[in-house]
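# curious how this folds, go ahead:
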Amino acid sequence: MSLAPALVLREGDRERLGDLARLPSVPSGLAKRARMVLLAADGVPNAQIARTVGVSRPTVIGWRDRYVQGGIRALEDEPRSGRPAVIDEIDVVVATLANEGRPPGRLGISHWPARFLAAELGISFASVARIWRKWDIQPHRVEGLKFSTDPELESKIRDVVGLYLDPPANAVVVSVEEKSRDPGAGPDCADAAAAAGPAGAAEL
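This is a model prediction of the structure:
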C-alpha cells in the first residue's frame, strides 16, 4: 500500500495549528483536526494518524483534503442545518478502542467514560452510550486490549456488521477457531473430546 506524501502547510500555519491542538479553550473537534493536519505535515501515514487520534482512516484523508482546499478555516465546523448530524458508529468504536482503550494522558483517566468520549468527538453522551450498548463495548472492563494495525480494519468491520444487519437470502455464517493439537495427546484425549459431544462442538 502506497503512503500519502507529507502534507505541505501554508506559511505561518504550523504555529497556529499547534495552538489549536494544544489550547484547552479550543473545541475538541477542531483540536483533533489540527492534530491530524500536523501529523500529516510530519509525514505520519494516514493509518497511524487514525490510530493516534482515534478516528477512521477515511476521516483523516477527508480532513487532509479539506485543509488543502481551504486552509485552517476549512477545519472549522460548518454551520449546522436543521437536519441532525449523521454519526459514524465506526468512528466511535475506533476512538474507544484506539491506543489499547486508553484515553489521552492529558485527560488523567484510565478508561473512557461516555461523557468524556462524547466531548472529545463533539457528539452527545446519549449517542456514545447507545453505540456502546449496540456493540457491547465496556471500556472499564478492557484490559490489555490489542487494537489491530490492519489499515483495512474499518472496511472489514463494516463488511462483517453489514452481513449481520442485512444478510443475503439463505446466507450462512460460520466462525471457526483454530486450536493447535498437542502432539503427545493419545487416544484417551480423542475419546474425551468425542464424549464432550455438542458442548465441545459449540466452541467451533
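# and the residue nearest to residue 122 when sequence neighbours are not counted, how many residues sit next to it?
Nearest-residue entry for residue 122: residue 29, 3.8 Å, with adjacent residues in sequence omitted and distances by CB to CB, 6 or more residues apart in numbering. C-beta: built from backbone N, CA, C; applies to glycine. For residue 29, the count of nearby residues is 16 (other CB atoms under 10 Å).
# repeat that for the one 10 residues further on.
Residues lying near residue 39 (other CB under 10 Å) number 22.
# ok now do the residue nearest to it when sequence neighbours are not counted, which residues does it touch?
Spatial nearest neighbour of residue 39, chain neighbours left out: residue 49 (4.6 Å); criterion: CB to CB, 6+ apart. Contacts here follow CB atoms under 8 Å, 6 or more residues apart in numbering; on that basis residue 49 touches 36, 39-40, 60.
# how does it look with 10 Å?
4, 35-40, 42, 55, 57, 59-61, 63-64 (CB atoms under 10 Å, 6 or more residues apart in numbering).
# just the ones of those residues in helices?
Mapping those onto helices (DSSP state H) picks out 35-40, 57, 59-61, 63-64.
# most neighbours among those, which one?
Going by other CB under 10 Å, residue 36 tops the ones in helices among the contacts of residue 49 with 29 neighbours.
# okay, that one: pLDDT?
Looking at residue 36, its pLDDT stands at 96.
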